[in-house]
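Asker: From the sequence below, what's the structure:
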Amino acid sequence: MEISKEDKRVAENLIRRGILHRHAQWQEELRKLLDTPLDEKCNEYDRSMQITDKARKFYKEAMEMEDYHRPSMVLTGLANLYYRKHITDEDLSGLSDEVKQAITVLLSR
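Answerer: Numbers count the residues shown, from 1 in each chain. Just a heads-up that it's a prediction; the model follows:
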């Protein structure tokens, strides 16, 4: 589907906002992990491994989200960010009905 320049501009801003929301969410998850007290079941080494694992998984996710900026991935990116609640109905209101319908179709699959 070909989208208008105005929809591309709005979509690019939404993708950026959604990705930033996910980054903030991940940082909060990491902050909670760091604030969790160490105990007999989880020492400094274990915590370091948890942080490393969490960072590695998020790096992969972040790189996948960066693909949403590619023209062929814009609609998929918007659908994924909406599905994961990083953007809202209110955010999508700036898009044309045609683009919102395309996102709805992607979400119904």
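
Asker: so what's the backbone phi/psi at the residue lying farthest from the centre of the chain?
Answerer: The C-alpha centroid of the chain is most remote from residue 40, which lies 34.6 Å away (C-alpha atoms, centre = their mean). Note on residue 40: its backbone torsions stand at phi -60, psi -30 [degrees, to the nearest 10].

Asker: for residue 24, same thing?
Answerer: phi -60, psi -40.

Asker: Tell me where the protein has helices.
Answerer: Taking DSSP state H as the criterion, the chain carries its helices at 5-35, 44-66, 74-83, 89-92, 97-108.

Asker: one step back: if I look at the residue farthest from the centre of the chain, how far off is residue 46?
Answerer: 10 Å (C-beta to C-beta, to the nearest Å). (C-beta placed from N, C-alpha, C; glycine too.)

Asker: Ok, residue 101 next?
Answerer: In terms of C-beta to C-beta, residue 101 sits 48 Å off from residue 46.

Asker: count of residues packed around the residue nearest to residue 29 when sequence neighbours are not counted?
Answerer: Spatial nearest neighbour of residue 29, excluding adjacent residues (C-beta to C-beta, 6 or more residues apart in numbering): residue 54 at 7.3 Å. Residue 54: 14 surrounding residues under other C-beta atoms under 10 Å.
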